[in-house]
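> Following is a predicted model, sequence given first.
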Amino acid sequence: MSPNIIVINKWHGGLPNLYQNLNDKVIYHIMKSEGSILGNTNYNSKDMTLTENLAAYDKWLWEEVKAQGEVYNLLCSMVSKFNKGKSIYLVCVCKPKPCHGDSVAKCLIWMLQKQICVG
């Protein structure tokens, strides 16, 4: 089976079942409330719409990739695991609504396509 990048809801995405067989997958909790550096600091912001919130997250994420710091290193670790055949599960509480997890997934796909962090 080919690896995938999947965003799931912590409460409604079948998370407990994912932990039963970790041979072919890696699970990342990407919520700020759980201390993730990929957490969306604007989650539940009253000062912006969901669209504005996700646009701000996208901008922040791409700046972090360009800076090649801690966030970049975590993303490269995910890319490496994906390239070794592991599916990447990104866990948050927003799905199935539009979510910063979608932004992380798109970033990972871009990194894989451009072969960023490979070699």
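Yep, it's here.

> Can you tell me the element the residue nearest the centre of the chain falls in?
The residue lying closest to the centre of the chain (Cα atoms, centre = their mean) is residue 104, at 3.8 Å. Assigned by DSSP states H and E, residue 104 falls within helix 100-113.

> buried ones in that helix?
100, 101, 102, 103, 104, 105, 107, 108, 111, 112 (16 or more other Cβ atoms under 10 Å). No exception for glycine: its C-beta is placed from N, CA and C like everyone else's.

> just stretch 61-70 next, same as before
By neighbour count on 16+ other Cβ under 10 Å, the buried set for stretch 61-70 is 61, 64, 65.

> if you look at the residues you listed, which of them are in strands?
Residues of the buried residues of stretch 61-70 located in strands (DSSP state E): none.

> mind checking how far stretch 80-100 is from the chain centre?
5 Å (Cα atoms, centre = their mean, to the nearest Å).

> Let me fix that, I meant to ask about stretch 61-75.
For stretch 61-75, the distance to the chain centre is 12 Å (Cα atoms, centre = their mean).

> residues making contact with it?
Contacts of stretch 61-75 from elsewhere in the structure, counted by Cβ atoms under 8 Å, 6 or more residues apart in numbering, are 37, 38, 100, 103, 104, 107, 108, 111, 116, 117.
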